[in-house]
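Trainee: Need a 3D model of the following:
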Amino acid sequence: MTQRDRIFLFLAVIVVSLFAILSETRDQWGFPLDDAWIHQTYARNLADSGEWAFLAGEASAASTAPFYTVVLSVGHLLNLSPLVWANILGVLALALAASMAARIAEQMYPDTPIVGWATGLIILSTWHVVWTAASGMETMLFMALSLTLLHVAFREIPPLPDQLSKNPRKQRRQLGNIEQFIAPRAVMQRGALLGVIGGLLTLTRPEGMALLGLIGLVAWFAFGVSDIQRYGFWAIAVGIGWLIVITPYTAWNYNLTGDLLPSTAGAKMAEFAPLREQSLPKRYTDMLIPILAGAQFIAIPGIVVGLRLLWQKTTIDHRTILFWVPLLWAIAHLTIFVIRLPAAYQHGRYVIPILPPLLLYASAGLIHLVQRYNKTPLQRVATRTLAASIALGFPAFLWIGGQAFANDVRIINTEMVETALWVRDNVPQNELLAVHDIGAIGYYAPRPILDLAGLVSPEIVPIIIDLDAQMELICEREAQWLMVFPDQRPTTPDDPRLQIAYESPYNFANEARASETEIWKMRVYAVDCDALPRIN
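Mentor: Got it, this is the predicted structure:
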C-alpha cells in the first residue's frame, strides 16, 4: 500500500462517516435501502447455520450478490454490528476504487501531472459513489472490482516505443522485461488473475460478466491480429480462471432452480415490465437524470477532452484501444438496464456504477484545459472558473448527498424497520405474512412469508403486475397478514378482507412521496378472506 493509498483510505473513512453521522443526527444510523437487510439476512443465516437461505431451512437462490453475502457473513461470525461491518466493507471498497481509478488514470495519461491524485479524489467525493459505500449494498464492491479488473487488463499494454529510455543500457533492460512480459507462462498467469477477478465481479453482480467479455473482445482487436498466439494463451487462461470461480455457485443455483442466474433477475424484470413499454429515448433520459444530479455534470467538458486526448493516443498505437473499454462499459451497463430494468428510483442506483468509468477520463481532460487554454484573459477566466467549480462542487454536493442519504435512512428505519419490530412483537411466528419489502422483516421478524415482489416466492413472478391474481393467491395460501405501502396493496383501500392492524406513526415517507391520492405509510393488515367470496 502506497502513501497515496493510505490517504485515500483515510478520506474514505471521513466521507462514509460523514454520511453515517448525518443519518444519526436526522434520526438514527441505518441503511437507506430495505434490500441491504436482505443481504444481512442471507449473511446471518450463512454464518449461523451454514445455510444459503433467506428463511431458515428453505434453500433460496434469491441472492444477487453471493460473493458479497459471503464477505458480510464474516461480520456475523465475528459478532459485529451489521451496520459497522457493512460500513467497514464500504470504506474499504471505496478506498480500493479510488486507488484503482488513480492507477488507471496514470496508465491512460502517463504524461499528465497529478492525474492519479485528481482522479482518486473525484471518486472519493462523488456523492452517489459515497452513498453506495454507506448503503450496505454490494454496489460499491462491484465498482471497486470493476476498476480493479480494468487496471489488471490494462497491464497487457507493454511500454510504447516513445516510452523506452534513450539510455541504451536501460533500453535493453526494458526490452528484456518486455520479452518476459510476453512469455506464454507470464501471459497465462496474468490472464488467470484477470479471470479470477472477473469471476468475483460476476458473483458480486451478474452483469459483471459483460465487462469481462467486453475486455476480451476489445483485447482481440488490440492484440489478436498482430499477436494471435499471446492473445490465445491469455484468453484461455481468463476463461479458466473465471469458470473456476463461478462454477460452484452457478451449479448449485441451477440444481436448485433450473436457472444459472439468481431468481431475483426474473422477478425484478417482471415487476418493471410496464416501464419497458416507454420509448428508448425516454428510458435513457430517465435513467441518466438522477446520476447526473451532482458535480459530475460539471465534469462533462473534462470527460470530452479526456476522450479526445485518448483518441490522439490511439491513432499512434492501436493497442491503446483497450483504454476505451471504460467508456464502452459505461454505455453497455446503462443500456442493459435501459432495456431490461429501466428503474430510475433511489438516485438511479442501478446505473451508479457507470460514474467511476466515465470519471476516469475527466481529470486528464480538465488538467489539459487549464494548462492549454491560458493564453488570453478570457481563456484563463473560463478554465479557472471550471476548475474552481469542480474543486468546490464535489464537496458541496457531497454534503447535499449526505442529506439525501440521511432522509433515505430515516424512511427505511421508520417505515421498514419499526414496522418489522411491530410484526415481531405482535404477529405469531407460525402465521403467514404477505409482504412486498422483505428485508427488514427477514432480519428482525423471521417468519413464513409470501414475497409479493417474487424474490423468494417465485410463484409470484407470473402474476406480479396482476393485483387481482395476487390477492387470490394470498387467500389461497391462507395468509393471515399483509404488510405493504399503499401502491403495493393488491386490492382497493375499502376491501373488507383487509383490516388495518398497524400504520406507521411517522410522516417522513409521506412527505417524500407527496402523494395526492392516499397517505403513503407502511401498513400491516389483518387478512380475513371470508369477508368476501373468494374469486374462483
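Trainee: Which stretches in the chain count as strands?
Mentor: For the chain, applying DSSP state E gives strands covering 53-55, 58-59, 433-435, 449-451, 481-484, 498-503, 523-527.
Trainee: which strands and helices sit next to the longest one?
Mentor: The reference is to strand 498-503. helix 418-426, strand 523-527 (3 or more CB pairs under 8 Å, 6 or more residues apart in numbering; DSSP states H and E). C-beta here means a position set from N, CA and C on the backbone, and glycine is covered the same way.
Trainee: got the buried residues for the first one?
Mentor: Meaning helix 418-426. By 16 or more other CB atoms under 10 Å, the buried positions in helix 418-426 come out as 418-420, 422-423.
Trainee: swap in stretch 288-300?
Mentor: For stretch 288-300, by 16+ other CB under 10 Å, it's 288, 290-291, 293-296, 298-299.
Trainee: okay, the buried residues of helix 418-426 in a markdown table with distance to G57 and pLDDT next?
Mentor: Formatted as a markdown table, these follow (distance: CB to CB, whole Å; pLDDT from 0 to 100):
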| residue | distance to G57 | pLDDT |
| --- | --- | --- |
| E418 | 27 | 95 |
| T419 | 24 | 96 |
| A420 | 20 | 96 |
| W422 | 25 | 96 |
| V423 | 20 | 95 |
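Trainee: Quick check: phi and psi on the closest residue in space to K521 that isn't next to it in sequence?
Mentor: Nearest residue to K521, sequence neighbours excluded (CB to CB, 6 or more residues apart in numbering): S504, at 4.2 Å. The phi/psi pair for S504 (degrees, to the nearest 10) reads phi -50, psi 130.
Trainee: My read is that S504 contacts I519, right?
Mentor: No - counting by CB atoms under 8 Å, S504 stays clear of I519, with 9.5 Å between them.
Trainee: which intervals of the stretch 101-250 of the chain have sub-threshold pLDDT?
Mentor: 158-182, 224-226 (pLDDT under 70).
Trainee: hmm, try it at 80
Mentor: 157-184, 223-227 (pLDDT under 80).
Trainee: ok, now the stretch 251-400 of the chain?
Mentor: Looking at the stretch 251-400 of the chain by pLDDT under 80, you get 253-273, 314-319, 372-377, 379-380, 383.
Trainee: With the stretch 401-536 of the chain instead?
Mentor: In the stretch 401-536 of the chain, residues with pLDDT under 80: 511-519, 531-536.
Trainee: ok, the residue nearest to K521 - contacts?
Mentor: 414-415, 418-419, 521-523 (CB atoms under 8 Å, 6 or more residues apart in numbering).
Trainee: do T119 as well
Mentor: Contacts of T119 (CB under 8 Å, 6+ apart): 101-102, 104-105, 359-360, 362-364.
Trainee: any idea how far the closest residue to it other than its chain neighbours is from A93?
Mentor: In space, T119 comes closest to A105 once its chain neighbours are excluded; the distance is 3.9 Å by CB to CB, 6+ apart. To A93, A105 is 19 Å away according to CB to CB, to the nearest Å.
Trainee: quick one on the thing from earlier: let me have the contacts of S504 in CSV, adding distance to S73 as columns.
Mentor: Shown next, in CSV, are these (distance: CB to CB, whole Å):
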residue, distance to S73
T414, 28
E415, 27
E418, 26
T419, 26
K521, 33
M522, 28
R523, 33
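Trainee: Which of these sits closest to R4?
Mentor: T414 (40.6 Å; CB to CB).
Trainee: and which of the contacts of S504 is nearest I316?
Mentor: E415 (56.6 Å).
Trainee: contacting residues for the closest residue to that closest one other than its chain neighbours?
Mentor: Nearest residue to E415, sequence neighbours excluded (CB to CB, 6+ apart): M522, at 4.3 Å. Taking CB under 8 Å, 6+ apart, we find M522 in contact with 415-416, 419, 483-485, 503-504, 509.
Trainee: follow-up on the earlier one: I am assuming the residue nearest to T119 contacts A362, so please confirm or correct that.
Mentor: No - using CB under 8 Å, A105 is not in contact with A362; the gap is 9.1 Å.
Trainee: which residues touch the closest residue to V484 other than its chain neighbours?
Mentor: Excluding the flanking residues, the one nearest V484 by CB to CB, 6+ apart is H436, at 5.0 Å. By CB under 8 Å, 6+ apart, the contact set of H436 is 451-453, 483-485, 488.
Trainee: ok, 10 Å please
Mentor: 34, 271, 450-455, 460, 470, 482-485, 487-490, 522 (CB atoms under 10 Å, 6 or more residues apart in numbering).
Trainee: Identify the residues contacting S389.
Mentor: Going by CB under 10 Å, 6+ apart, S389 touches 295, 298-299, 396.
Trainee: okay, now the domains of this protein?
Mentor: The chain breaks down into these domains under automatic domain parsing: 3-404, 405-531.
Trainee: where do the helices sit along the stretch 201-350 of the chain?
Mentor: Ranges of helices in the stretch 201-350 of the chain, per DSSP state H, counting those that start in this stretch, are 208-219, 228-257, 264-271, 280-291, 300-316, 325-340, 345-348.
Trainee: hang on, isn't G213 packed against L194?
Mentor: No - judged on CB atoms under 10 Å, G213 makes no contact with L194 at a distance of 12.0 Å.
Trainee: quick one: common contacting residues for these two?
Mentor: 238, 242.
Trainee: and the two? which has more neighbours close in?
Mentor: L194 (26 against 14; other CB atoms under 10 Å).
Trainee: got a list of what that one touches?
Mentor: L194 touches 148-149, 152-153, 155-156, 212, 215-216, 219, 234-235, 237-238, 241-242, counting by CB under 10 Å, 6+ apart.
Trainee: Pull out the buried residues from stretch 211-229.
Mentor: 211-212, 214-216, 218-219, 222-224.
Trainee: just to revisit the earlier point, need the overlap of contacts for S504 and I519.
Mentor: Counting by CB under 10 Å, 6+ apart, the residues touching both S504 and I519 are N510.
Trainee: V196: how many residues sit nearby?
Mentor: 18.
Trainee: ok, it to L322 distance?
Mentor: Counting by CB to CB - V196 and L322 are separated by 19 Å.
Trainee: Check W520 too.
Mentor: From W520 to L322 the distance is 48 Å (CB to CB).
Trainee: same check, this time on W117
Mentor: W117 sits 23 Å away from L322, taking CB to CB as the criterion.
Trainee: More neighbours: those two, which one.
Mentor: Between W117 and L322, counting by other CB under 10 Å, L322 is the more crowded of the two (23 against 17).
Trainee: got a list of what the closest residue to that one other than its chain neighbours touches?
Mentor: Using CB to CB, 6+ apart and skipping residues adjacent in sequence, the residue nearest L322 is A222, 5.2 Å away. Counting by CB under 10 Å, 6+ apart, A222 makes contact with 156-157, 215, 231, 314, 317-325.
Trainee: try R26
Mentor: By CB under 10 Å, 6+ apart, the contact list for R26 reads 402-403, 405-410, 413, 508.
Trainee: go with 7 Å
Mentor: When contacts are counted by CB atoms under 7 Å, 6 or more residues apart in numbering, R26 touches 406-407, 410.
Trainee: out of these, which one sits closest to A86?
Mentor: For those, the nearest to A86 is A406 (16.7 Å; CB to CB).
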